[in-house]
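Visitor: generate a structure from the sequence data that follows.
(one chain, ligands or ions: 1)
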Amino acid sequence: MGKKVVVLGTGGTIAGRSERGSDNVGYKAGEVGVQSLLDAIAPLKSALQGREMVAEQVAQVDSKDMGFAVWSTLAQRCAEHLQDSEVDAVVITHGTDTLEETAFFLEQVLPPALLQAKPLVMTCAMRPASALTPDGPQNVLDAVAVALDSAARGVLVVCAGAVHSARLVQKSYTYRVDAFDSGDAGPLALVEEARVRWLGQPVHVAPAFSLERLSLPHAAWPRVELVMNYAGASGAMVRSLVYSDANVPPLRGLVVAGTGNGTLHVDLEAALLEVQRQGVRVVRASRCARGQVVAGEAPAALPHSQGLSPVKARIALMLALMA
Ligand code: SIN
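Guide: As a prediction, this is how the structure comes out:
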């Protein structure tokens, strides 16, 4: 047994504040420091079972503004803490809006050996810290219960009493406090009165990726954009992304959120094939919230996203282009 649980704060609604307690939408995210958030949760002391809690403010952002610089720092801090033999687990507080992206990114870049040894648990809130009934404190308590559970491994997301894997978790609701789900698979576990009831096995399948590459300056991260198929779609958006002005880094990759089983309007598909021939890597995902693109018998002209949602497929493609 180690002696510490480290909590890394990155902002979000969990650290948000509004003028009125009844206002659950007109608040500013990323206002309350992570140490203050933790200090306000009295039962944390007993939840830690004698361990020390160490808080560190890595960022203070609304997660809609999350970017490569914070991701790099966060990954480095997670790696350092997970390597420390005094640390049992790392918990991250994060905004809900891009939480699934950060979770997937961390799972992809942190050394598998570290994540197989200790859990990295992310949590969040849908109501600001100033709300009449904030959901953040219970989510933090649940995250700590998961972090200290002997079966917990890899990057896990805890929200509203449910535990999700980084690969499958997805924000599905704009307002409900149980905002996340894991699609067809359902949650990995439930947290009930500080006890974790596992429904599945945490599996870590991340490829090894050298963390040093993340210290590249922002401009060196490959530019990968997302486009969508819809009624009346054309190739214009794709062409404007490729032939954009000289101040923007060249486009290296495109993920397309296709309709249904990753299908594409004939004009959009033609434009994507055209840019693929010019060296832009193109990946086909689906805009459907459930299921994944199922490959047919014939080889597809545009590779599919291996079950990843469009936003996660974009991260996977970026990292593949960096590797
Ligand atoms: C954010 O993602 O930072 C704001 C929204 C939230 O945390 O629910």
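Visitor: can you give me the strands for the chain?
Guide: For the chain, applying DSSP state E gives strands covering 4-11, 52-61, 87-93, 119-123, 154-159, 162-165, 170-171, 180-181, 189-192, 195-198, 223-228, 251-258, 281-286.
Visitor: of all the ones you listed, which one comes closest to Val25?
Guide: Comparing the strands of the chain against Val25 with CB to CB, the closest turns out to be strand 170-171 (15.4 Å). For every residue, glycine as well, the C-beta is placed using N, CA and C.
Visitor: counting contacts, what elements does that closest one pack onto?
Guide: Using 3 or more CB pairs under 8 Å, 6 or more residues apart in numbering; DSSP states H and E as the contact test, the elements touching strand 170-171 are helix 99-109, strand 180-181.
Visitor: okay, these in TSV with distance to Glu274, mean neighbour count and mean pLDDT next?
Guide: Compiled in TSV, these are given as follows (distance: least, CB to CB, whole Å; neighbours: other CB atoms under 10 Å; pLDDT from 0 to 100):
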stretch	distance to Glu274	mean neighbour count	mean pLDDT
helix 99-109	28	24	97
strand 180-181	37	22	98
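Visitor: check contacts around Ser172.
Guide: If a contact means CB atoms under 8 Å, 6 or more residues apart in numbering, then Ser172 has 179-181, 289 as its contacts.
Visitor: what about 10 Å?
Guide: 178-183, 289-290 (CB atoms under 10 Å, 6 or more residues apart in numbering).
Visitor: make a PyMOL selection of the buried ones in those.
Guide: A single PyMOL command suffices to select whichever of the contacts of Ser172 are buried according to 16 or more other CB atoms under 10 Å:
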select buried, resi 179+180+181+182+183
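Visitor: which of the strands of the chain sits most buried?
Guide: Burial among those, expressed as mean neighbours by mean count of other CB atoms under 10 Å, is greatest for strand 154-159, which shows a mean of 29.
Visitor: name the strands paired with that one and say parallel or antiparallel.
Guide: Sheet pairing of strand 154-159 (DSSP bridges) gives strand 119-123 (parallel), strand 162-165 (antiparallel).
Visitor: tell me if it is near the ligand.
Guide: No - for strand 154-159 and the ligand, the contact criterion (CB under 6 Å from any ligand atom) is not met; the two come no nearer than 9.8 Å.
Visitor: taking the mean pLDDT, what do you get for that strand?
Guide: Along strand 154-159, the predicted local confidence has a mean pLDDT of 98.
Visitor: quick revisit: indicate which one of the strands paired with strand 154-159 is closest to the ligand.
Guide: Taking CB to the nearest ligand atom as the measure, these were each checked against the ligand, and strand 119-123 came out nearest at 10.6 Å.
Visitor: what's the neighbour count on the closest residue to the ligand within the stretch 51-200 of the chain?
Guide: Closest residue of the stretch 51-200 of the chain to the ligand, CB to the nearest ligand atom: Gly95 (2.0 Å). Around Gly95 sit 25 other residues, with neighbours defined as other CB atoms under 10 Å.
Visitor: okay if I get the helices and strands packed on strand 170-171 as JSON lines plus distance to the ligand?
Guide: As requested, the helices and strands packed on strand 170-171 are arranged in JSON lines below (distance: least, CB to the nearest ligand atom, whole Å):
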{"stretch": "helix 99-109", "distance to the ligand": "7"}
{"stretch": "strand 180-181", "distance to the ligand": "11"}
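Visitor: can I get those in a markdown table including distance to Gly262?
Guide: A markdown table is the format used below for the helices and strands packed on strand 170-171 (distance: least, CB to CB, whole Å):
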| stretch | distance to Gly262 |
| --- | --- |
| helix 99-109 | 19 |
| strand 180-181 | 21 |
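Visitor: which of those sits closest to Pro249?
Guide: helix 99-109 (19.1 Å).
Visitor: and that closest one, how far out from the chain's middle?
Guide: The offset between the C-alpha centroid of helix 99-109 and the centroid of the whole chain comes to 4 Å, using CA atoms, centre = their mean, to the nearest Å.
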